[in-house]
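> when you get a sec, could you give me coordinates for this:
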Amino acid sequence: MILKRSRKLFIPALSIMVAVAILLLLLIVFSIGRLHQDESLMEEALSREGLAIIKSVESGTRIGMRYAPWYQEMVSRLITSTAYELDLDFIGIFNSRGQLFASSEDQSRTIRLPPHISHREVFNSVLPVRFFTKDGSTFVVGKPFRPAMGRNGMGKMPRIPGCQPGYEVGPRAVPGWCVMEPDRMPPGVGPPQGEPALTGELVILVGLKTEALRQAQNLDRNHVLYMALLLAVVGSAAFFFLFVIQNYYLVEKTLKNMTTYTTNVVKSMPTGLVALDDKGQVVTINEAAAAMFRLYGEQRHVSLNELLGSKFGELVTETKGQGWVLEKEIICRDSAGLAVPAAVSATRLADAAGADLGTIWLFRDLRQVRELENKVRRSERLAAVGRLAAGVAHEIRNPLSSIKGFAQLFKKDFPNGTPKGEYLDIMIKEIDRLNRTITDLLTYAKPKPPNLRNGDLNALVEKTLTLWKPDLGVKVVTELSRNIPHCAFDDDQLTQVLLNLLLNANQAVASAGRITVATSAGPEPGLVSMTVSDTGPGVNPEFLDRLFDPFFTTREKGTGLGLAIVHSIVEAHGGTVKVHNHPAGGAVFTITLPEAAIEAEALINNQAVNF
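Okay, here's the model as predicted:
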């Protein structure tokens, strides 16, 4: 389970990491592409700007050359003012051999083409040449410089006396330039003596500043870095929050599972548990405690003081003193006020600082233990009484037979109607009654093992009532369930049990009373129940525990053996017999028997009474 939870946590975290990595990679790729695209667009814009500047210089030169030839100083002034006005890095004009003719900068500055490009190639190139300088601070655009197209690449030039276009003379003659001696120039025309004229194969280079481009590129790079950093922060935050949320979910789920497990443990405990807070209020009560004290619905909030009575204060004091109470037997009261013997244990709850959080109370129901103890004591007492009764019965029965024989003999000498004859009749009847008592005593003291057979309990009830119902003298009602299974019983002995109960009920009710015999399925699977109830006054609650004791009776002429025999026979069948008073009045005797003979025989072997 822990491995599955780890996988559940790992998969979303890995997904977020992969997603962030993919987004970061896409951002980098798109940003690099955008930077390259922006750089290309900027180069194109710079190229167009450089070509426009070159065209403007050519146009300015062309206009000036309509009236007179242009010379080096004039061209330098033009390109210098143009470079200054347009904030250019430089403008330079060279011949095809790379010699500088005019420049917007100091003549000592070296303006170099890349190694793979020559001035001749620039002059012969159809497309303009463009490149960045070595330090990248300048973008250079170059092309042939043709202000006026014509012979020698310069177009039609005005005639200057003494110097034909393309004719090179003088000590400062430069190939491709027309240099006129001062004495040969017309008055007011031409440069100072030895100044080169603008003619021949020329190349113009315009250097544009790239500072704005670099700033834009730096801004784009910074933007990419900021976006990457932001994406990384967002991804990290998402990963962190996912980790926190899933840890919270895991903790909540674990806590929920532990709560459910603890609740089930408390609910399933066979021992009653009641938890109190520091104010003594009931916080938790499990099913065993609720059933033990009959607390249902709103009764679950009952104060523990009401259940424990005066012992509650003593137990609380003892718990606070030593921190716990172990298995102290007391008599509690359920919600109906009935006594509930219980063994109480308690322990104090405290936090890390020692502050009182409440107490936990455990209640072990001792009613079954007390019932078993009573049964053991009763069995021991009855066994002793049975052994004594068996010895006394044999000692009494033998002389009793002799007395009855002499009485019957004397009866022959005294006919009926005489006083002595009536005395003898009374003597014989009392001897018979005493003999029946001794027979019952022997039946109880030495019970005959039952001959168990699977049979229909309803059929036994109907047969017994058919034989004895006319002699009862009261109304007998049957409520027989037709769905009960067969059970194991001795037909004769169980008939005696039912008859004893019917006679006992008949003596308890008046002539207008009613006796009800009912059968049903037992309180637990595998059991069958038979009840005999009456509408009499019921049994005194003080006598309920002694009702099945031998020789215990509430009637003047009773022997106290009828119900004792009932109890002995039912126990021999592996069953139980109980009695309680009906709320509407009358006593209710309930007999519970096992269904199968094998189960009954096993119980008989376990519950056999040794006399």
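> residue 375: how many residues sit nearby?
Other residues within reach of residue 375, judged by other C-beta atoms under 10 Å, total 12. Heads up, the C-betas are built off the backbone N, CA and C, glycines and all.
> hmm, residue 340 is touching residue 293, no?
Yes - counting by C-beta atoms under 8 Å, residue 340 touches residue 293, with 6.7 Å between them.
> which helix or strand lies directly C-terminal to the helix or strand residue 44 falls within?
Secondary structure from DSSP states H and E places residue 44 in helix 2-64. Downstream of helix 2-64, the next assigned helix or strand under DSSP H and E is helix 72-85.
> ok now whichever helix or strand comes after that next one, how far from the chain's centre?
Under the assignment DSSP H and E, the closest C-terminal helix or strand after helix 72-85 is strand 90-95. Relative to its parent chain, strand 90-95 has a centroid offset of 83 Å by C-alpha atoms, centre = their mean, to the nearest Å.
> show me where the stretch 151-300 of the chain has its strands.
Secondary structure of the stretch 151-300 of the chain (DSSP state E, counting those that start in this stretch): strands at 202-209, 272-277, 282-285.
> quick one: strands adjacent to the second one?
With DSSP bridges as the criterion, the sheet partners recorded for strand 272-277 are strand 282-285 (antiparallel), strand 356-365 (antiparallel).
> report the mean confidence score over the last one.
Okay, so that is strand 356-365. Averaging pLDDT along strand 356-365 yields 84.
> nearest residue to residue 472 in space, please, no chain neighbours.
With C-beta to C-beta, 6 or more residues apart in numbering as the criterion, residue 472 has its nearest non-adjacent residue at 4.8 Å, and that residue is residue 506.
> surely residue 454 and residue 487 touch.
Yes - with contact defined as C-beta under 8 Å, residue 454 and residue 487 form a contacting pair (7.1 Å).
> the domain parsing of this protein - what is it?
Annotated domains of the chain cover 37-214, 270-365, 370-445, 453-607 [automatic domain parsing].
> tell me which stretches of the stretch 251-400 of the chain form helices.
Secondary structure of the stretch 251-400 of the chain (DSSP state H, counting those that start in this stretch): helices at 287-293, 304-308, 311-322, 367-413.
> for residue 146, find the nearest of these.
Among the helices of the stretch 251-400 of the chain, the nearest to residue 146 by C-beta to C-beta is helix 287-293 (109.6 Å).
> dump the C-alpha coordinates for that closest one into PDB.
The C-alpha trace of helix 287-293 is given here as PDB (Å, rounded to 0.1, in the frame of the first residue of the first chain):
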ATOM      1  CA  GLU A 287     -21.700  -0.600  21.400                       C
ATOM      2  CA  ALA A 288     -20.800  -3.000  24.300                       C
ATOM      3  CA  ALA A 289     -21.300  -0.300  26.900                       C
ATOM      4  CA  ALA A 290     -24.500   0.900  25.300                       C
ATOM      5  CA  ALA A 291     -26.000  -2.600  25.300                       C
ATOM      6  CA  MET A 292     -24.700  -3.200  28.800                       C
ATOM      7  CA  PHE A 293     -26.400  -0.100  30.300                       C
END
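> coming back round to it: more neighbours: which of residue 454 and residue 487?
Using other C-beta under 10 Å as the criterion, residue 454 and residue 487 rank with residue 487 on top: 29 against 14.
> same list, the domains of the chain, but as CSV with distance to residue 235 please.
Formatted as CSV, the domains of the chain follow (distance: least, C-beta to C-beta, whole Å):
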stretch, distance to residue 235
domain 37-214, 27
domain 270-365, 40
domain 370-445, 71
domain 453-607, 64
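> lowest-confidence stretch among these?
Minimum mean pLDDT among those: domain 37-214, a mean of 68.
> distance between the ends of it?
Domain 37-214 has an end-to-end distance of 14 Å (criterion: C-alpha to C-alpha, to the nearest Å).
> which residues sit in contact with residue 536?
Residue 536 sits next to 505, 508, 509, 510, 513, 585, 586, 587 when contact means C-beta atoms under 8 Å, 6 or more residues apart in numbering.
> now it, nearest residue through space, not along the chain?
Excluding its sequence neighbours, the residue lying closest to residue 536 (C-beta to C-beta, 6+ apart) is residue 508, at 3.5 Å.
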